[in-house]
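Asker: Sequence and predicted structure, then a few things I'm wondering about:
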Amino acid sequence: MEEIVPWLKELLFPSIADVAVLSVDVSIAIVRVDAECPANGAACPACEVWSNRVHGSYLRFPADVPSAGRSVVLQLRVRRIACRNSA
C-alpha cells in the first residue's frame, strides 16, 4: 500500500527509520493512525544474515497518550521475516 501522508511519518515516528503512515482518521473521541513497516527484509538478530523471505505479518498496537482529549489508536502492521541461515 502506498504511503498517503508522508509528512506525518516524521511527526509521529521520529526515531523509527522505516515507517509509512497509510491513513489518519479523526473523530470526536478517537484519532486512529494506520501505518506499516515497508522494509524489504531484515538482518537476523541471532546470526545477522540478511533475509527478505516473509514468514507472515501481524498488527501491533503500541500504547500512546491521549491527544487533545482524544484517545489515540496506533495500528502498526509489521512483517515476520524468516532467517535464511540453515544453521
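Answerer: Alright, I've got the coordinates.

Asker: so where's this protein shaky on pLDDT?
Answerer: Applying pLDDT under 70 to the chain flags the ranges 1-17, 64-66.

Asker: Extract the C-alpha trace of the longest strand along the chain and format it as CSV.
Answerer: Ranked by number of residues, the top strand in the chain under DSSP state E is strand 71-82. The C-alpha trace of strand 71-82 is given here as CSV (Å, rounded to 0.1, in the frame of the first residue of the first chain):
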residue,chain,number,x,y,z
SER,A,71,-7.8,8.5,22.5
VAL,A,72,-5.1,7.7,20.1
VAL,A,73,-5.1,4.2,18.4
LEU,A,74,-1.9,3.3,16.5
GLN,A,75,-2.3,0.3,14.3
LEU,A,76,1.2,-0.8,13.0
ARG,A,77,1.5,-3.7,10.6
VAL,A,78,4.8,-5.5,10.8
ARG,A,79,6.2,-8.5,8.9
ARG,A,80,7.9,-11.6,10.3
ILE,A,81,11.0,-12.3,8.3
ALA,A,82,12.3,-15.9,8.2
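
Asker: Can you list the buried residues in that strand?
Answerer: For strand 71-82, burial by neighbour count (16 or more other Cβ atoms under 10 Å) applies to 72, 74, 76, 77, 79, 81. For the C-beta atoms, the positions are set from N, CA and C on the backbone; glycine is no exception.

Asker: Which strands or helices does that strand pack on?
Answerer: With contacts taken as 3 or more Cβ pairs under 8 Å, 6 or more residues apart in numbering; DSSP states H and E, strand 71-82 sits against strand 30-36, strand 53-60.

Asker: what angle separates the shortest one from strand 71-82?
Answerer: Our comparison of strand 30-36 with strand 71-82, counting by axes from the mean of the first three to the mean of the last three Cα atoms, to 10 degrees, yields an angle of 20 degrees.

Asker: Could you identify the helix or strand that succeeds strand 30-36?
Answerer: Per DSSP states H and E, the first helix or strand lying C-terminal to strand 30-36 is strand 42-43.

Asker: Look up the residues forming beta bridges with residue 51.
Answerer: residue 42 (DSSP bridges).

Asker: start at 56 instead
Answerer: Okay, using 56 as the starting number, the last item reads as residue 106.
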